[in-house]
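A.B. asks: mind folding the following:
(chains A and B)
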There are 2 protein chains.
Amino acid sequence: MGNIIVQKYGGSSVGDIDRIRNVADRVVKQCKEGNKVVVVVSAMGKTTDELIEKAKALSSKPSDREMDMLLSTGEQISVSLLAIAVNDSCCKAISLTGSQCGIITDFNHKKARIDMIKTDRIMKELESHDIIIVAGFQGVNRNHDITTLGRGGSDTTAVALAAALKAEKCEIYTDVDGVYSSDPRKVKGAKKLNRISYDEMLEMAALGAGVLHPRSVELARKYDVPLEVKSSFVYEEGTKIINRNSFEETEIRGVTLDEDISKISLLGVPDVPGIAFKIFSEISENNIPVDMIIQNVNHNGVNDISFAVKGEDYEKTMTLCQRIVKDIGANGIIGDENVVKLSVVGTGISGNTKITSLYFKTLYEMGINIQMISTSPIKISCIIKNDKGIDALNKVHDIFEEYMI
Amino acid sequence: MGNIIVQKYGGSSVGDIDRIRNVADRVVKQCKEGNKVVVVVSAMGKTTDELIEKAKALSSKPSDREMDMLLSTGEQISVSLLAIAVNDSCCKAISLTGSQCGIITDFNHKKARIDMIKTDRIMKELESHDIIIVAGFQGVNRNHDITTLGRGGSDTTAVALAAALKAEKCEIYTDVDGVYSSDPRKVKGAKKLNRISYDEMLEMAALGAGVLHPRSVELARKYDVPLEVKSSFVYEEGTKIINRNSFEETEIRGVTLDEDISKISLLGVPDVPGIAFKIFSEISENNIPVDMIIQNVNHNGVNDISFAVKGEDYEKTMTLCQRIVKDIGANGIIGDENVVKLSVVGTGISGNTKITSLYFKTLYEMGINIQMISTSPIKISCIIKNDKGIDALNKVHDIFEEYMI
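C.D. replies: Now for the predicted structure:
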């Protein structure tokens, strides 16, 4: 048996009959090079949206279980059509649903997590077929009910299969040709990266680069699956997401702007042990992800504590914090939706003070006030006012371009 | 647990969102009367045709296995949408695919036959749900591949489930309001039948009444499942298909016209033992169903043998018979596509010579020559020229109206 390569094609790559034929050609090409190909496919273009619309017309609160039953048909249609297209060539393909492919999940409909992959069926089919076409985004729970994996589901299916099958690599085909140093729609000088580490990709993804869902990158990192992001419309190299960069040298990967963020500050919080735990455990219990937490030094026995949340969680968090402020005897609360988060991502940043100071200097020269700062070994993020977000993004990208590879 | 009633709704009954809501109302009504309802649903309106069209655009010969994978999504969409609609009411529903419902079939894709129904899952769900919504037309083989049941598939699913669950009855909802004594589009006086026996229904179905597929009627007869054909658009009694009519009395059910028929005559066939076997075993090996076979008395050591086949099989059968005629040393072959089969169906016909002679007399008075005759305990069929088919249908229906119940 040849090497196994896992390829994933998103909804826009199989949006119509011609595009399905295009994907079939690409898969057959890979197969002719002597590889076994496991292809993971999403639902065609707008299929999922159309199904959701029908469900909403029948009920304002359709059950998660029935929605999974409904939406999983989208991928089932894509995989059978792609199998039909491939079988019209000299290669032999078979399509499998998530269930047939042995993707066993937990019981959380609409956001299931994969418990295990029983590879028996797929290994057996690989003996008699060149190409296995698997419905992405879906699995089956131990009650034989269909589940869907939620956001980034098809990418997750692909990476999980690559890990389970010990595939040579996992290629993610999409409508962009790779991961960029910044959003090309906002930054003129944005350039395609040849490679990026899992950790850097996670920062880029979490910060809004939007090509790969963090969940699939985390899984790839955990099982050391070589990932590559490529365009399904052209034949050229994409961006490789691999385990390690060169030692020591500082390499900037990109500059990102997260515009969907809000800042909340709790004022005059009593500086007693356990107060941060009290605040953030309540927020966490309400399923609100908190992004940055800043606590300044104690003034007269009280602190100001600031943190950032996603725009969609802003109202909910403010309401919750009004109550928390009373409970803990703080002085008040200030919220600000008119902020953005500008981040420089790359390896070796934390050990390189030149990068940090160059970043801060650039913002200073633009007259931009930094409201919050957060750093990690591979990124520096600043919260700034939103009115100069795009300008700052472009300027900082220009400044760091010489460090990019 | 209340009585179990199985209901089946065809594609036109769930053709759009409003119609799905209508079916949900009907099912909920049945449930409120204290019954447990198992609902079998077909794919929405034109869904199946649209999917076939997509497959044909990708390959002139899509494999049966992949077509089943593709087409089974149609019913999966219907059942989840119907479950969503029902769950918006006070009743609790769950949808199941053929596979989840335990419908185990053989390996013949596109025309699978049901081997068994594992009722464990559906019985378990009936404990906690009022309404179980099952995808018609589909099952799963022992390799976990999705199969479809072919023609009359959803009716067959419904009757098979009613048998397996020992349901009180099986209601087939469609866009007509029952079984008629003749085709209402062709016969002005055609009237809805209140009841009909399985055997009579089989004759009516095989002869082109078209409301129920013979396969589902055969299954209902075998397991003694009370069937009822009703309209999904009005609330009124339909036609009951039950086990037995009143003893002795002759009851005419209807008069049918099969216009999709051709006659083939082999001339001067040597009258030696085994000759009929030789002819019809060859035809049978080519999967051509033969409808009537007539052999007249021997003249000078040779016979003429005539039989009828479906219009679509005519060319194929003629070609085959050219060879057979040479092999067996017959004199020649005559084919005629311009014929129709007019049949009177009802209980006690064979024992009632009055019916037979009245039928023949009617055709004689119309100047219609009878080319072939075939009788069974519950029908008399005549092959006549097609130009007077509709006239004869109406006239014979009129004549026998007084015998109809």
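A.B. asks: which SS state does A:Pro273 fall under?
C.D. replies: At A:Pro273 the chain is in coil, as set by DSSP: H, G, I helix; E, B strand; the rest coil.
A.B. asks: what's the burial count for it?
C.D. replies: If you count neighbours by other Cβ atoms under 10 Å in any protein chain shown, A:Pro273 ends up with 6. C-beta coordinates here come from the backbone N, C-alpha and C atoms, glycine included.
A.B. asks: A:Ala276 too?
C.D. replies: 13.
A.B. asks: from chain B, how far out is it?
C.D. replies: 43 Å (Cβ to the nearest Cβ, to the nearest Å).
A.B. asks: what comes up buried for the helix or strand where A:Val345 lies?
C.D. replies: Per DSSP states H and E, A:Val345 falls inside strand A:332-347. Buried residues in strand A:332-347, counted by 16 or more other Cβ atoms under 10 Å in any protein chain shown: A:336, A:339-347.
A.B. asks: now the residues you listed in JSON lines, with pLDDT and distance to A:Ala160?
C.D. replies: Listed next are those as JSON lines, based on pLDDT from 0 to 100; distance: Cβ to Cβ, whole Å:
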{"residue": "A:Asp336", "pLDDT": "94", "distance to A:Ala160": "39"}
{"residue": "A:Val339", "pLDDT": "95", "distance to A:Ala160": "36"}
{"residue": "A:Val340", "pLDDT": "94", "distance to A:Ala160": "34"}
{"residue": "A:Lys341", "pLDDT": "93", "distance to A:Ala160": "30"}
{"residue": "A:Leu342", "pLDDT": "94", "distance to A:Ala160": "33"}
{"residue": "A:Ser343", "pLDDT": "92", "distance to A:Ala160": "28"}
{"residue": "A:Val344", "pLDDT": "91", "distance to A:Ala160": "31"}
{"residue": "A:Val345", "pLDDT": "90", "distance to A:Ala160": "26"}
{"residue": "A:Gly346", "pLDDT": "86", "distance to A:Ala160": "28"}
{"residue": "A:Thr347", "pLDDT": "80", "distance to A:Ala160": "27"}
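A.B. asks: would you mind pulling the contact partners of whichever helix or strand comes after the strand holding A:Val345?
C.D. replies: Using DSSP H and E, the next helix or strand after strand A:332-347 towards the C-terminus is helix A:353-365. Around helix A:353-365, the neighbours that count as contacts under Cβ atoms under 8 Å, 6 or more residues apart in numbering or on different chains are A:250, A:252, A:342, A:344, A:346, A:349, A:370, A:375, A:380, A:382, A:384, A:392, A:395-396, A:399-400, A:403.
A.B. asks: stretch A:107-125 too?
C.D. replies: A:38, A:63-65, A:67-68, A:94, A:96, A:100-106, A:132, A:134, A:139, A:141-143, A:145, A:147-151, A:156, A:160-161, A:164-165, B:144.
A.B. asks: rewinding a little: from the contacts of helix A:353-365, which land in strands?
C.D. replies: A:252, A:342, A:344, A:346, A:375, A:380, A:382, A:384 (DSSP state E).
A.B. asks: of the contacts of helix A:353-365, which are in range of chain B?
C.D. replies: Residues of those in contact with chain B (Cβ under 8 Å from any Cβ of the partner chain): none.
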